[in-house]
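# okay, sequence plus prediction incoming.
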Amino acid sequence: MSTVSLEEVKENPGAIFERVQKGESILVVADGAPSVEMRPSEAGPKEQHGIRPFGLCSGAFVVPADFDSPLPEGTILEFEGS
């Protein structure tokens, strides 16, 4: 694990980020004490950015036919606090 100062990160954050992306773990030291550890994510690129394939859970949920029907009177009263 490499160690860099907070000042180095402030001077060139892109270079530090690039090093981490390439697989290097970096410990950031601020005021002489370890402050932050940066390391590559264990997730693949798609998981890192929250991208999921379309149809991943196809058929797992079906919208009921009465989805947009009015709520029962008792449920409305509970929401309104009456």
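Ah, there it is.
# okay, now the unreliable bits of this structure?
The model of the chain has pLDDT under 70 over residues 43-50, 82.
# where do the helices sit along it?
6-11, 13-21, 45-48, 73-80 (DSSP state H).
# got these as TSV, with distance to C57 and mean neighbour count columns?
C-betas here are computed from N, CA, C, even on glycine. Shown next, in TSV, are these (distance: least, CB to CB, whole Å; neighbours: other CB atoms under 10 Å):
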stretch	distance to C57	mean neighbour count
helix 6-11	40	13
helix 13-21	30	12
helix 45-48	16	10
helix 73-80	27	9
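# and of the ones you listed, who's closest to V36?
helix 6-11 (8.5 Å; CB to CB).
# kindly export stretch 2-13 (C-alpha atoms) in CSV.
Output of stretch 2-13 as CSV, limited to C-alpha atoms (Å, rounded to 0.1, in the frame of the first residue of the first chain):
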residue,chain,number,x,y,z
SER,A,2,1.3,3.4,-1.0
THR,A,3,1.1,6.4,1.3
VAL,A,4,0.4,10.0,0.0
SER,A,5,-0.2,13.2,1.8
LEU,A,6,-3.5,15.1,1.7
GLU,A,7,-1.7,17.9,-0.1
GLU,A,8,-0.7,15.5,-2.9
VAL,A,9,-4.3,14.4,-3.3
LYS,A,10,-5.4,18.1,-3.5
GLU,A,11,-2.7,18.9,-6.1
ASN,A,12,-3.5,16.1,-8.5
PRO,A,13,-6.7,14.1,-7.5
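# who are the neighbours in contact with the closest residue to E37 other than its chain neighbours?
Once flanking residues are discounted, E37 sits nearest to L27: 5.3 Å by CB to CB, 6 or more residues apart in numbering. The contact partners of L27, taken as CB atoms under 8 Å, 6 or more residues apart in numbering, are M1, S2, T3, V4, P34, V36, E37, M38.
# distance to L56 added to the helices of the chain, as a markdown table?
As requested, these are arranged in a markdown table below (distance: least, CB to CB, whole Å):
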| stretch | distance to L56 |
| --- | --- |
| helix 6-11 | 37 |
| helix 13-21 | 26 |
| helix 45-48 | 11 |
| helix 73-80 | 32 |
